[in-house]
Every structure is written in structure tokens, then in C-alpha cells.
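1. sequence first, predicted coordinates after that:
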Amino acid sequence: MTKQVKQLILAPMEGVIDPLMRDLLTSINHFDLCITEFLRVVDKLIPKHIFYKVNPELKFRGLTPSGTPIRVQLLGQNPPWMAENAVRAIELGSHGVDINFGCPAKTVNKSKGGAALLKTPEDIYQITSNVKKAIGEETLSVKIRLGFDDTTLLNEIVDAIVQSNANLLTVHARTKKDGYKPPAYWHYIGEISDKVSIDLVANGEIWQKKDATTCMEQAKTDHLMLARGILALPNLGQVIKENVAPLPWENMSLLLLKFCELELNGNKSFYFSSRLKQWLRYLRLNYNQANELFEKIKPLKDKDEILKLIHLCR
């Protein structure tokens, strides 16, 4: 019998899956949770207005307009300040706290943040345990990769997280060195599942329903996190959860128009054309029409010309 997904989480993607995109994607998929783009913690308590900038849903009980809970993600290497900011996130209405030990960005890793901490499991333990003690019964989730250059320290990394009493562990099934190159090595998550009792979420290379099915079998978990795959097929969550058909282009073009409307009325309207093109690069993996549209608008910057083309492609 095919395993059914129990928990479906929308991943954070820095500069891509922001509040606007969370709004769109949760309006057509029944996600159980969204994780925000990371808040960088250094050596101070982050001002409340910065929390609200990254996670405006905090002003609305930590829910997207369609009612999906939001969890703030923190990235940093200072245990006391990570704990202080975790408490603030909860006080502001975040549904738990997520810690990022997986970001592969060079600028983040240079300052010993994100995936760089995979080299030092003891630091992971200190950060995670401090945060968990600070937030008490609130949910603490942690996101990792399989390691930095290789998987040598994977067992130690997982043990550090388990011993710190975290509630949920998301594993992007590649190392930092692997980047985003396929494949994802889901079987490593299955090996973790055999050893520990912490709830596991599998992430990486889930583009279609068959990927989700194979992933759950190999990772031995029914908790999944979607990232690039749902940008390429915006109702992928429902395809996986409810076995519905992939979103037809007619509906997809309406969603693009909605995206344009929100984008042009939002605080990132200056980047409208580049953000639209960014999304079309993913959509063209599944829609020929998106590829044709991308080629037509690639040289354009004028919003009215772009909107006209989108209307014509319906």
C-alpha cells in the first residue's frame, strides 16, 4: 500500500518563497505549515519590525490569509542570542521556531552560519539546546543537510539535535558540497529513521507525485517539505496529498496574473520583472507556454508590456 503524506511543509527559499509567494501557494495547497526565510542572528535581539518584515503574518496570529500556520526560521551561531530571538519569535506569534543549519550560501557559511555548522556538531548541540530550553513546550524544528563535504559527521549531527530535545528534524538529502545537484540521497534519511525516534521531514528533489512516493519509501517518513518542485508545479501539494491533476495552464495563467497584481502592489514592485522571470524559469519545466512567455518577456522591463503578454498567453 502506498504511503500517504501526513505532514506537508512549505520550505523557506531565500528571496523566492516570501510572504507573497506563501500567500499564493497556500491558497491552492493544503499545507500544514510554512517556514519563513531566515532571520540572521548575530549578537543582539532583532527588532520587532524586522520580524514583521520577514514574517508579516505574525500580525495576523501567525497565519497566512488562507489559514496556514507560519514558523519563524533563525540562522546564527551564538547560542544565547539565538535563544533570546527564539523567545521573541514565540512572543510575536510564531508557531514554534525553526533553526537553519542547512543554508549553503558562501556569504552565510563564511560567518559560520547555516551549513558551516555541520562541521561542528557540538556547536549545533549548544545552539539547539539553548533555544529549546528558552522556548520550553513550544515546538522546535531544525533543518540540516547530510553534512558539509560528506556524510562522515551525520550521526553526530543527528545525535546533537536529538539530545537537545528538538521536536522535528528536516533533512535536505544532500551535503553542502552537493549543492542542488540531483539526485537527493533519501536513503540516508531512512537510515536516520532506523536509529532515532524524532519526527523526520524529508526534503530535496520532489518534483512530482512519484518522487514523493519514492522519497517516503526510502526516507521511511510520511512528512515532506516542498521547495523548488512547487515553484515548477504550483499545486504540487494537492497533486501529492489529494491526487488531483496538475494545474492546467489556463488556471496557471490566472495565478500568474494574481502574482503580478500582488507584486506590483507590494513593497518589491521595483523587482517585478526579475521576480516574474525567476518564477517562469521554474514554470517552464512543466509548461511549454511558460517557456514561450519567458522568451517573449526576457528582454522587457516595462510592466505594462509584460502584463499585456501575460493576458495574451491565456
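-> Cool, got the structure.
2. the protein: strands as residue ranges?
-> Using DSSP state E, the strands of the chain run over 7-10, 33-40, 70-75, 97-101, 140-145, 168-172, 199-203, 223-226.
3. out of the ones you listed, nearest to Leu20?
-> Ranking the strands of the chain by their distance to Leu20 (criterion: C-beta to C-beta) puts strand 33-40 first, at 11.7 Å. Heads up, the C-betas are built off the backbone N, CA and C, glycines and all.
4. buried residues in that closest one?
-> Leu33, Cys34, Ile35, Thr36, Glu37, Phe38, Leu39, Arg40 (16 or more other C-beta atoms under 10 Å).
5. one more: stretch 303-314?
-> For stretch 303-314, the neighbour count (16+ other C-beta under 10 Å) marks Ile306, Leu307, Ile310, Cys313 as buried.
6. give the contact list for the first one.
-> Residues touching Ile306, when contacts are defined by C-beta atoms under 8 Å, 6 or more residues apart in numbering, comprise Cys260, Phe272, Ser273, Leu276, Ile297, Leu300.
7. what's the neighbour count on the fourth one?
-> Neighbour count for Leu276, taken as other C-beta atoms under 10 Å: 22.
8. reformat the buried residues of strand 33-40 as TSV; add pLDDT and distance to Ile206.
-> As requested, the buried residues of strand 33-40 are exported to TSV (pLDDT from 0 to 100; distance: C-beta to C-beta, whole Å):
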residue	pLDDT	distance to Ile206
Leu33	98	16
Cys34	98	16
Ile35	98	15
Thr36	97	20
Glu37	96	20
Phe38	97	21
Leu39	97	26
Arg40	97	27
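9. can you redo the residues you listed as TSV with distance to Ile230?
-> Conversion of the buried residues of strand 33-40 to TSV gives the following (distance: C-beta to C-beta, whole Å):
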residue	distance to Ile230
Leu33	14
Cys34	11
Ile35	13
Thr36	16
Glu37	15
Phe38	19
Leu39	22
Arg40	25
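10. which among the residues you listed gets closest to Ile161?
-> Comparing the buried residues of strand 33-40 against Ile161 with C-beta to C-beta places Ile35 closest, at 16.0 Å.
11. check contacts around that closest one.
-> Shown in contact with Ile35 (C-beta under 8 Å, 6+ apart): Ile9, Leu10, Ala11, Pro12, Ile70, Arg71, Gln73, Asp98, Ser141, Lys143, Met225.
12. top of those by number of neighbours, please.
-> Using other C-beta under 10 Å as the contact criterion, the top neighbour count among those goes to Asp98, which has 28 neighbours.
13. surely it is in contact with Ile135?
-> No. Between Asp98 and Ile135 there is no contact under C-beta atoms under 8 Å: 11.4 Å.
14. contacts for stretch 104-121?
-> 14, 38, 40, 75-77, 100-103, 123-124, 127, 144-145, 147-148, 153, 156-157, 159-160, 176, 179.
15. can you list the residue ranges for helices in the stretch 201-314 of the chain?
-> With DSSP state H, counting those that start in this stretch applied, the stretch 201-314 of the chain shows helices at 209-219, 228-232, 236-242, 249-264, 272-283, 288-297, 303-312, listed in chain order.
16. adding distance to Gly113 and mean pLDDT as columns, could you present these in TSV?
-> As requested, the helices of the stretch 201-314 of the chain are arranged in TSV below (distance: least, C-beta to C-beta, whole Å; pLDDT from 0 to 100):
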stretch	distance to Gly113	mean pLDDT
helix 209-219	26	98
helix 228-232	22	98
helix 236-242	29	97
helix 249-264	29	93
helix 272-283	24	93
helix 288-297	33	94
helix 303-312	36	88
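17. so which of those helices is nearest Lys48?
-> When the helices of the stretch 201-314 of the chain are compared for distance to Lys48 using C-beta to C-beta, the nearest one is helix 249-264, at 24.2 Å.
18. distance between the ends of stretch 114-121?
-> Stretch 114-121 stretches 12 Å from its first residue to its last (C-alpha to C-alpha, to the nearest Å).
19. dump the residue contacts of Met82.
-> Taking C-beta under 8 Å, 6+ apart as the contact definition, Met82 lies against Val41, Leu74, Gly76, Ile99, Ile127, Asn130, Val131.
20. wait, doesn't the fourth one sit right on Val142?
-> Yes. Counting by C-beta under 8 Å, Ile99 does reach Val142; the two are 4.8 Å apart.
21. ok, now which ones touch Ile9?
-> Applying C-beta under 8 Å, 6+ apart, we find Ile9 in contact with Phe31, Asp32, Leu33, Cys34, Ile35, Thr170, Val201, His223, Leu224, Met225, Leu226.
22. list the buried residues of the lowest-mean-pLDDT helix or strand in the chain.
-> Taking mean pLDDT, DSSP states H and E as the measure, the chain has helix 106-110 as its least confident helix or strand, at a mean of 81. Under the neighbour-count criterion of 16+ other C-beta under 10 Å, helix 106-110 has Val108, Asn109 buried.
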